Structure formats: C-alpha cells, structure tokens
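Asks: Predicted coordinates and the sequence they were generated for:
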Amino acid sequence: MKGLKFGSKIIFLINSLVAFLLLISYILPFIPPKRFATLSVLSLGVPLLISLNVIFLIYWLLRVKKQMILSLVVLLLGWSYMNSMYKFSSSLQIEDDANFSVMSFNVRLFNKFGWLPSKTVKDSILALISDEAPDVLCLQEYPISERLKLKHYYSFNAEYSKGIKGGQTIFSKFPIVNSGSLEFPNTYNNAIFVDIVKQKDTIRIYNFHLQSSGIGVDVEKLKEETSGHLFKQVGATFKAQQEQVELFLAHKAKSNYKTIVTGDFNNTAYSYIYRKIKGDDLKDTFKQAGNGFGRTYNFKFFPMRIDFILADEDFTVNGFKTLDVELSDHYPIKTTLKLSH
C-alpha cells in the first residue's frame, strides 16, 4: 500500500476484507450447512459482496491505481456467480408448437393478514394467472381457507389431500396420473409432486417450499435483531434445509421421468442447498433465458433470487421472465420449455 494516503489505505483494507469474504463464498456450495452452519450464512450476502467489489473496482480504476487488481481478480474467479446474479443477455423467447409453460409463485396466503394495503390481492392474482395462462402452475404458501378452482386445470392439493400438509399446490392443463408429498419433519413446510402426461411423455413436477429463516424485509425489525441471533437462526434454517433436500434427492433417485423442480428454496444460487438440488442433470431456466437481476424476493437491501424453476437437461428453455407485480413478498417466475426428443 505504499504511495497511498491514509484514507485510501483504510478503503483498501475494507476492500481486501470484502474481496476475501467473496472469495470464501466460492467454496460455500460445497460445504454442508450441518458442518459449518454459521459460515453457510455468508451465501445470503453474495449479491452484496459482488456489488461492493464492483464498486471498489470502479473506484480504483477511476484513480488508475493498481489496487483495482484485487477486486478484478476475485470477480473474474467467480464469473459464474456474476451470471447467477445478473444475466447480461436479453430475454430469450422462442415460439414453438411444442412449447409449454411453467409458472411458480409464492402467494403469501393471498395477503390474508394484510401485509399489502390492497384488498383485492387474491382477485389480482387470479387475473394474473388468467393472463399468463401457464400450462403448469405451482403455488407456495397457498392458504387452506382460500381455495382456488381454475377452469381447464387438473390439480393436486388444491382442495387439500388427506394426510398431506397444506401450503403447496400444483395445477396442470395436462392430466395428472400420479401425485404425492414429501413430508418434512418438525415443520409446516413440505414438497409435493405430480406426474403429468404431455402427449406421449410423462413428466415429473416438484413444488418446493423449503424451511424459512423467518427473517422479514422490515428494516426496523432487522435492526432490533442481534447479529449473533440472526446467524444462529439462519444457520439452524440451513441445517433443516439440508435434511429436506436429502429427502428430496432420495425420492427423486427412484424416478426415471424427466423432471422439473419449482418453488421457493429460501436460499440463493450460491448455496449448498441450490447446488445439491440442481445437481448435474438440471439447469436453471433463469440462467438459460432470463435477463437482469431476476430478483424473486422483495428484499430491501439488494436483489435476491430465491425462487427457481430448474429443468432436466432434455428440456430446451425457450423463454423465461420474472413478473414485476406487487402481489406478495415474492415475484412470480415463468419459463417456456420444450422437451427435446
């Protein structure tokens, strides 16, 4: 740091810490939360760490200082992270007669407890579904008291099936020939699945709602939480998520069908949870055909993408969009797929 003024030295020290934390985050997808729960919490802050390193890079670049190399190298090492945070290409939308669409949305109980000022949230969501007309619709936080009946759709758990937790439902314009639930222990969360028949193909659809940390978006409430309590709470959540994902992987391994996984993962694309669900045989439809930040959760500090549609490698992704509507604390996502033969 020779040649730097005192103020610039302080800035570079902060820059070095932020760069180090981002570098550490690159190994988090390979570390089970059960081993290092506290460290795994860092995955939630990756978008912020990327943004700060970009700011430091620009700061030193404008001053023509060699210190810019630090953030530049760290960002280049994690280029795939940049692609997960922001998709630089324009949205891909390819028309094909074989296309079908899948939409996922955490509806937050249709605003049952008045989080949003609007009194017509449920009606607006119904109008949105009608306008988008997805062939497959996966809903999370679907309330037992506000059941939907959608014309021209088959459904599973829309009326609630005996012995299966509420909260998730799947609607499909294609016949449902099999269905079930993965009941996660010691929680209200679960995952459901259906097998649908599209022409001669049977496709399995999973709809997830993994364990939530319970941390909201209210800034004042977050200020009241101690950092230690937040880390402990999120760490415990990630451990529970790991157990839930292990149940899913064991279930998925018994199926030979082409698979689509949707839902609210309550975790980011930089996490162990995401990497394990995605595996080597699924692809992230946002990365394939989305654009921009692709944020799916209304978090005030930085863009967060915690809702996903992952599709088997045998699917071609012909479109993806995030719907910018304020009807929940989440934003709906929709992809257009074609099954390759």
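Replies: Structure received.
Asks: Dump stretch 60-69 to CSV, restricted to CA.
Replies: The C-alpha trace of stretch 60-69 is given here as CSV (Å, rounded to 0.1, in the frame of the first residue of the first chain):
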residue,chain,number,x,y,z
TRP,A,60,-9.6,2.2,-8.1
LEU,A,61,-9.9,2.2,-11.9
LEU,A,62,-11.0,5.8,-12.0
ARG,A,63,-7.9,6.6,-9.9
VAL,A,64,-5.7,4.5,-12.1
LYS,A,65,-4.4,2.5,-9.1
LYS,A,66,-3.1,-1.0,-9.2
GLN,A,67,-5.3,-1.8,-6.2
MET,A,68,-8.1,-2.4,-8.7
ILE,A,69,-6.4,-5.8,-9.5
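Asks: buried stuff in that stretch?
Replies: For stretch 60-69, burial by neighbour count (16 or more other C-beta atoms under 10 Å) applies to 60, 67, 68. Placement of C-beta: from N, CA and C, glycine included.
Asks: these two touch, right, residue 176 and residue 153?
Replies: No. Using C-beta atoms under 8 Å, residue 176 is not in contact with residue 153, being 9.7 Å away.
Asks: Which stretches in the stretch 101-250 of the chain count as strands?
Replies: Counting by DSSP state E, counting those that start in this stretch, the stretch 101-250 of the chain has strands at residues 136-142, 154-156, 167-172, 176-183, 190-198, 201-209.
Asks: out of these, deepest packed?
Replies: strand 136-142 (a mean of 27; mean count of other C-beta atoms under 10 Å).
Asks: Kindly calculate the angle that that one makes with strand 167-172.
Replies: Strand 136-142 runs at 170 degrees relative to strand 167-172, counting by axes from the mean of the first three to the mean of the last three C-alpha atoms, to 10 degrees.
Asks: Now tell me what touches strand 136-142 from outside.
Replies: 100-109, 129, 148, 150, 153, 157-158, 166-174, 196, 205, 207-209, 260, 262-264, 328, 330 (C-beta atoms under 8 Å, 6 or more residues apart in numbering).
Asks: And for stretch 80-99?
Replies: 25-26, 46-47, 50, 75, 268-270, 284, 286-294, 303, 305, 317-321, 336-339.
Asks: name the helices or strands packed onto the longest helix along the chain?
Replies: In the chain, taking DSSP state H as the definition, the longest helix is helix 227-252. The contact analysis (3 or more C-beta pairs under 8 Å, 6 or more residues apart in numbering; DSSP states H and E) places helix 227-252 against helix 37-40, strand 176-183, strand 190-198, strand 201-209, helix 272-278.
Asks: Helices of the protein, residue ranges please.
Replies: Using DSSP H, helices in the chain cover 6-25, 37-40, 46-62, 68-77, 79-85, 121-132, 219-224, 227-252, 272-278, 285-289.
Asks: which one of those lies closest to residue 114?
Replies: Nearest to residue 114, of all the helices of the chain, is helix 121-132, at 9.3 Å by C-beta to C-beta.
Asks: Which residues does the closest one contact?
Replies: So helix 121-132 is contacted by 101, 103, 105, 107, 110-111, 118, 137, 146, 148, 150, 323, 325, 327-328, 332, 334 (C-beta under 8 Å, 6+ apart).
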